[in-house]
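> curious how this folds, go ahead:
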Amino acid sequence: MLESLTRQRGVRASLVVSESDGLVVDSNLRFGQDGTEWPALAGSLYRKARLSAEAARLGAVTFLQLDAERGRVCAVGGRSDLVLVVVADGTANVGLIRVALLKALESLE
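Coordinates of the predicted model:
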């Protein structure tokens, strides 16, 4: 599942992380990529987004996207503590990444 996410054009890494502590459960990194910073960041961002959405009575977070100067982080989570994370270039097609993440989430739950 992670390998197919990482094969998407522009994707640097795909990971499964724990929302509560940011620990990596599994990862697939492109050659030359370091996956030590992203997991804790993504887990924390997703958790805060989920709690904020619940507090605002908006319902469940379905997709989280962080755009930054050197790329983007996309994440989806389900009923479990696990979050699927993709780190991609800024030019990557977010629509395709989103579809792939949501499809991969189905197999994770």
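> tell me where this structure is predicted with low confidence.
With pLDDT under 70 as the threshold, the chain has low-confidence stretches at 31-36, 109.
> quick one: contacts of stretch 53-73?
Where contact means C-beta atoms under 8 Å, 6 or more residues apart in numbering, the residues beyond stretch 53-73 that reach it are 12, 38, 41-42, 45-46, 49-50, 74-77, 85-90, 92, 94, 98, 101-102. Quick note: C-beta positions are derived from backbone N, CA and C, even for glycine.
> could you rerun that using 10 Å?
Defining contact as C-beta atoms under 10 Å, 6 or more residues apart in numbering, one finds that stretch 53-73 is touched by 10-13, 38, 41-42, 45-52, 74-79, 83, 85-92, 94, 97-98, 101-102, 105.
> and the longest helix that the chain contains, which residues are buried?
Among the elements of type helix in the chain, defined by DSSP state H, the one spanning the most residues is helix 38-55. Of the residues in helix 38-55, those with enough neighbours to count as buried (16 or more other C-beta atoms under 10 Å) are 38, 39, 41, 42, 43, 44, 45, 46, 47, 49, 50.
> ok now do the most centrally placed residue in the chain, which residues does it touch?
The residue lying closest to the centre of the chain (C-alpha atoms, centre = their mean) is residue 85, at 1.9 Å. Under the criterion of C-beta under 10 Å, 6+ apart, the contact partners of residue 85 comprise 2, 5, 13-17, 22, 24, 27, 35, 38-39, 41-43, 45-46, 64, 73-77, 101.
> can you check residue 52 too?
By C-beta under 10 Å, 6+ apart, residue 52 lies in contact with 58, 61.
> now the strands for the protein?
Per DSSP state E, the chain has strands spanning 11-18, 24-29, 64-68, 71-77, 82-88. These are given in chain order.
> direction included, what does the fourth one pair up with?
When you say that, I think you mean strand 71-77. Strands that pair with strand 71-77, judged by DSSP bridges, come out as strand 64-68 (antiparallel), strand 82-88 (antiparallel).
> tell me the most buried of these?
The highest average neighbour count among the strands paired with strand 71-77, using mean count of other C-beta atoms under 10 Å, belongs to strand 82-88 at a mean of 26.
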